[in-house]
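J.: Quick one, structure for this:
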Amino acid sequence: MEVRRRDQRADLLSPATPGVETGRAIVIEPWVKTSARKSAGHRDAVGRTPDARLEEAVGLARAIDLTVVEAGLVTLSDIRPATYIGKGKVDEIAGVAKSLCASVVIMDCPISPVQQRNLEKAWNTKVIDRTGLILEIFGRRARTREGALQVELAHLTYQKSRLVRSWTHLERQRGGFGFLGGPGETQIEADRRVIEERIARIETELDRVKRTRKLHRDSRKRVPYPIVALVGYTNAGKSTLFNRMTAASVLSTAMLFATLDPTLRAVALPHGARIILSDTVGFISDLPTMLVAAFRATLEEVVEADVILHVRDLSHEDSEAQSHDVEKVLAELDIAATDRRLIEIWNKIDRLSDDGRATLVNRVERQPAQQRPVTVSALTGEGIDHLIDVIETRLAESRQTLEVSVDAADGAGLSWLYRHSEVLAKNLRDDGRLAVTVRADPSKAAQVRAKFNA
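T.: As a prediction, this is how the structure comes out:
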């Protein structure tokens with residue numbers, strides 16, 4: 001096993017929480033050669049290096065306060081059906097785990113229930129694959145009732161398919177009722193049924209949560225506040241940008257998945273308009289499908305947004321690969337990379353050298369005007385004013401400007417305009433009526449025309 005090369009500047013290798021330890025872990029990054037990867041159907045993010053994937057896996061382990069005592073790459077010519085990696089490496093890692101008193105081995109790849117069971121027997125430790133590790137992190141981060149339900153649903157869906165890896169008690173059978181009853185159901189069937197019943201109850205509760213969230217969205221639609229959603233790879237700086245734009249105190253730290261439950265804040269823009277800014281959960285490569293399904297109610301905040309800010313960490317060596325991963329998740333939400341609502345935010349430019357900044361400026365200027373990214377530093381505030389201008393411009397493109405005539409004594413009519421549109425100007429005409437200039441989205445503009453004969 002090749003010992004990893006530490007990146008001293010990487011956020012992912014920050015020390016674990018002082019005084020808190022959930023176990024001693026070994027992190028393994030299996031890297032399948034190209035030919036074997038294609039034949040096995042193994043897909044990797046575009047352009048991501050093995051070292052970068054290993055560093056990310058170590059960061060995921062540290063996010064749940066595991067003490068990483070060893071980490072390294074294992075290069076494979078092919079995937080073994082029984083243990084994923086070869087017997088020689090299995091024996092080598094068994095010795096390392098015993099000598100370092102490791103209690104957990106993390107395989108940064110998807111492994112089957114049989115492979116997981118065999119590796120646990122060989123290493124005498126708990127074995128977690130990438131999906132299980134991400135689910136564990138989400139379970140730690142969930143703070144609201146909705147978040148806890150979504151994580152539990154994803155975990156049960158994952159666990160249901162892995163009952164085969166549990167111990168031999170699942171092979172026993174329960175007897176039927178009466179003297180002539182058959183052997184009854186096996187323990188594994190009973191456990192699977194219990195899980196299915198719990199999944200059904202959680203889905204029912206989530207349906208109620210979804211309806212409540214829809215009511216909240218509908219109430220926000222009645223107020224003329226457009227929604228601006230932040231999306232991006234985990235640790236790209238979304239929460240720091242959110243705090244910078246809203247003067248809020250959302251947890252923002254160099255930790256993967258620091259934010260899980262969505263946060264919304266109203267923000268007043270310089271020209272008088274107000275928006276609702278939404279901070280969402282970060283994405284990651286190989287994000288488990290059951291998590292995307294479980295968090296669909298939360299991610300609908302993104303689907304319903306008027307503007308979507310895709311925040312990228314330009315200082316990261318795998319920025320392009322991370323962007324590709326985010327675009328894949330957005331595609332699952334039926335948001336194409338060419339969606340007019342998307343604005344790319346190139347964050348952390350304060351980490352770039354002078355030459356790096358010059359190169360970045362050239363890259364930005366070569367982009368088409370409508371697709372040009374916005375460069376910012378959420379940490380220092382550089383570029384935030386320009387970003388707000390771009391948001392205002394993009395919102396104005398989709399909204400219609402109307403001029404209506406209102407009786408000066410019609411307080412109810414003016415109040416209606418303020419509730420359902422953005423009032424830009426108000427002037428008293430010579431005939432004693434008010435000329436009011438408003439801006440509204442297409443659906444609200446139709447209501448304005450119908451009410452005031454505009």
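
J.: hey, let's count contacts and neighbours off CA atoms from now on
T.: OK.

J.: Burial check on residue 270, number of neighbours?
T.: Using other Cα atoms under 10 Å, the number of residues around residue 270 comes to 11.

J.: For it, which residues are in contact?
T.: Contacts were defined as Cα atoms under 8 Å, 6 or more residues apart in numbering; by that measure residue 270 touches no other residue.

J.: Pretty sure it sits in a helix.
T.: No - going by DSSP: H, G, I helix; E, B strand; the rest coil, the assignment for residue 270 is coil, not a helix.

J.: Ends of stretch 329-343, what's the gap?
T.: End-to-end distance of stretch 329-343 (Cα to Cα, to the nearest Å): 16 Å.

J.: Which of the residues in that stretch are classified as buried?
T.: Within stretch 329-343, the residues that qualify as buried are 329-330, 333, 335, 341-343, counting by 16 or more other Cα atoms under 10 Å.

J.: Where helices are concerned, which of those residues count?
T.: Using DSSP state H, 329-330 are the members of these that sit in helices.

J.: min pLDDT across the buried residues of stretch 329-343, which one?
T.: Within the set of these, pLDDT is lowest for residue 333 (80).

J.: so how far is stretch 136-151 off the chain centroid?
T.: With Cα atoms, centre = their mean, to the nearest Å as the basis, stretch 136-151 stands 13 Å off its chain's centre.

J.: what kind of secondary structure is residue 367 in?
T.: Of the three states, residue 367 takes coil according to three-state DSSP.

J.: List the single closest residue to it in space, sequence neighbours excluded.
T.: residue 373 (7.9 Å; Cα to Cα, 6 or more residues apart in numbering).

J.: Tell me how many other residues surround residue 97.
T.: 22.

J.: what residues are up against it?
T.: The neighbourhood of residue 97, defined by Cα under 8 Å, 6+ apart, consists of 26, 103, 123, 125.

J.: if we go to 10 Å?
T.: Neighbouring residues of residue 97 by Cα atoms under 10 Å, 6 or more residues apart in numbering: 24-26, 69-70, 91, 103-105, 123-125.

J.: Can you say which of these are buried?
T.: Buried by 16+ other Cα under 10 Å: 24-26, 70, 103-105, 123-125, out of those.

J.: Can you verify residue 381 is assigned to a helix?
T.: No - assignment of residue 381 by three-state DSSP gives coil, placing it outside any helix.

J.: That one reaches residue 242, doesn't it?
T.: No - taking Cα atoms under 10 Å as the definition, residue 381 is not a contact partner of residue 242, at 11.3 Å.

J.: neighbour count winner among those two?
T.: residue 242 (23 against 14).

J.: any idea how far residue 156 lies from residue 212?
T.: 24 Å.

J.: can I get the CA coordinates of the helix or strand hosting residue 90 in CSV?
T.: For residue 90, the host element (DSSP states H and E) is helix 87-99. What follows is helix 87-99, C-alpha atoms only, in CSV (Å, rounded to 0.1, in the frame of the first residue of the first chain):
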residue,chain,number,x,y,z
LYS,A,87,-5.2,-11.4,-1.4
GLY,A,88,-1.7,-10.0,-0.9
LYS,A,89,-3.0,-6.5,-0.1
VAL,A,90,-5.7,-8.0,2.1
ASP,A,91,-3.0,-9.7,4.2
GLU,A,92,-0.8,-6.6,4.2
ILE,A,93,-3.6,-4.4,5.4
ALA,A,94,-4.6,-6.9,8.1
GLY,A,95,-1.1,-6.7,9.5
VAL,A,96,-1.2,-2.9,9.4
ALA,A,97,-4.6,-2.8,11.1
LYS,A,98,-3.4,-5.1,13.9
SER,A,99,-0.2,-3.2,14.5
